[in-house]
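Student: Sequence plus predicted model, see below.
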Amino acid sequence: MMNLKDNTLLKKLNYINGQWVTGSDGTVEIKNPANSETFISIANGDSADATRAVEAATEAFPVWSRIPAKQRAELLRNWYNLIMVHADDLGAIMTAEQGKPLAEAINEVKLGASYVEYYAEESKRVMGDTIPTVNNARRLQTYKQAVGVVGCITPWNFPSAMITRKAGPAMAAGCTVVIKPATETPLSALALCELADRAGIPAGVINVVVGTNSREIGQVLTQHEDIAKFTFTGSTGVGKTLMSQCSTTIKKVSLELGGNAPFIVFDDADIDSAVAECLATKFRNSGQTCVCTNRIYVQKSIASEFTARLKTAIEQLQVGNGFAKNTTIGPLITEKAVAEMDSFIKDAKEKGAEILLGGKRHALGHNFFEPTLLTNIKPNMRLANEEIFGPIAAIQTFETEAEVVKRANDTEYGLAAYFFSRDIGRVMRMSENLEYGIVCSNSGVFSTEVAPFGGWKQSGLGAEGGKEGIAEFYDIKFHSMGGIE
């Protein structure tokens, strides 16, 4: 199925303290979402394995954190180079476990590698300050020092990039990491560990524990006294629980949580561009991203034209197995996710929505769902209020700028927002008035290693990417030096 050039990248064991080890809880089956078939069984770790990983990371931290930044940068650069060399194999592993089209998976691998490259370089540019003194007998300085051992829990929708976006800056800062990847998609994480080992990264610096008992492993990563920082990407509900658990030991916390992204099209927009970008951000990864277009608002005067063009574009999508040559949209991750799409459609139909395209499970069966387009969306529909996380596009209309800003902001989430307009004044107003950590004008694609990624409100805390991303893994120390005169 995968046709790997390097079969040693496909690992079946946990990676703890530089060793491949069996799990304490037997094995777990990994299924291909495209056909629901088990294609590999791997070690199933538990809280005891997670504790051993934390102990290994704790032992490795003093040495790793004191390695000169230039040397850490060289090791991370080695890791980046190996990821890029093996990008095709890593992409194939991801498609097998996650389902996204192979080209999309390879692009994710390369995006993930870019974080390792960026933070390898950024580690050499983290500066403290010399503060003008308040007394000639004293000198005032600040240092930035690695916070310590970092616990990471990563999601299934981006099983490679969400690891490197956390581990890259953490390791560059001098931290060691323990990663609990999603049970559905652990193979990408383990392959990255294999390449980290080849890159010369010392034992204990990066550790991965796979396990079906997420609750117990999560408690280790949030409550162990040797974990100094915890970072999580996933749902807001789970994030709240994990944040509460971290409070028992007052850890530094960063959270990248759920979204409810508005996609706003004004009547002066370039409609063709808006349609293309809507297609990209709505149906990427079968709609399974936290920054996917969720609520589509189109100004009433152009709603018919925009809807017709979007329908034509959606009809061109090729649904299929991610390994098939022409596939542009793959399966959802599980049967549970498909059932959730059924539930959204049922609710919308009962409340008067019109289905223009799709609306049901795909003829391919298993976890496939038809790319769907609906109109006549009412405020009381689930589609108008909840994060969809699937290939359903639901169009609403609006009259004025003030109206749509109010509706777009009327949510507990604040991760990403998109709008399309050629009016420069409106572009500035919208960018300032939308209550989101990420705002995109006239574009649906924004992810890059050089800029911060983070949400407002209940979409999270902190940022990943850019210089802000590495700052999350440092503590600030103030040094007041006396006795100068």
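Tutor: Happy to help now that I have it.
Student: Mind telling me what element Phe39 is part of?
Tutor: strand 37-43 (DSSP states H and E).
Student: mind checking how far that strand is from the chain centre?
Tutor: Here strand 37-43 is found 24 Å from its chain centre; the criterion is C-alpha atoms, centre = their mean, to the nearest Å.
Student: Listing partners with orientation, what would you give for that strand?
Tutor: Take DSSP bridges as the rule and strand 37-43 pairs in its sheet with strand 27-32 (antiparallel).
Student: Average pLDDT for the strand it pairs with, rounded please.
Tutor: Averaging pLDDT along strand 27-32 yields 96.
Student: which of the residues in that strand are buried?
Tutor: For strand 27-32, burial by neighbour count (16 or more other C-beta atoms under 10 Å) applies to 28, 30-32. Every C-beta, even on glycine, is put in place using the N, C-alpha and C of the backbone.
Student: Kindly report the same for stretch 193-210.
Tutor: For stretch 193-210, by 16+ other C-beta under 10 Å, it's 193-197, 199, 201-202, 204-210.
Student: Now that stretch: average pLDDT?
Tutor: The average pLDDT for stretch 193-210 rounds to 98.
Student: got it, and stretch 451-458?
Tutor: Averaged over stretch 451-458, pLDDT sits at 97.
Student: what's in contact with that stretch?
Tutor: The contact list for stretch 451-458 (C-beta atoms under 8 Å, 6 or more residues apart in numbering) reads 165, 236, 254, 256-259, 411-416, 435-438, 447, 460-466, 468-469.
Student: what's the most distant pair in the buried residues of strand 27-32?
Tutor: With C-beta to C-beta as the measure, no two of the buried residues of strand 27-32 lie farther apart than Val28 and Asn32, at 14.4 Å.
Student: Convert the C-alpha atoms of stretch 289-299 to CSV, please.
Tutor: Only the C-alpha atoms of stretch 289-299 are listed here, as CSV (Å, rounded to 0.1, in the frame of the first residue of the first chain):
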residue,chain,number,x,y,z
THR,A,289,-8.9,21.3,10.4
CYS,A,290,-9.5,23.8,13.2
VAL,A,291,-9.1,26.7,10.8
CYS,A,292,-11.3,25.4,8.1
THR,A,293,-14.0,27.7,6.8
ASN,A,294,-17.0,27.0,8.9
ARG,A,295,-19.6,29.8,8.5
ILE,A,296,-19.8,31.2,5.0
TYR,A,297,-21.3,34.7,4.8
VAL,A,298,-22.0,36.2,1.3
GLN,A,299,-23.4,39.6,0.7
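Student: May I ask which helix or strand encompasses the residue most central in space within the chain?
Tutor: The centroid of the chain falls nearest to Met162 when counting by C-alpha atoms, centre = their mean (4.6 Å). Assessed by DSSP H and E, Met162 sits inside helix 161-173.
Student: Give the other helices and strands that that helix contacts.
Tutor: helix 69-85, helix 102-122, strand 149-153, strand 176-180, helix 187-198, strand 227-233, helix 466-471 (3 or more C-beta pairs under 8 Å, 6 or more residues apart in numbering; DSSP states H and E).
Student: Just to be sure, which of the contacts of stretch 451-458 are found in strands?
Tutor: Using DSSP state E, the members of the contacts of stretch 451-458 that fall within strands are 254, 256, 413-414, 416, 438, 460-461.
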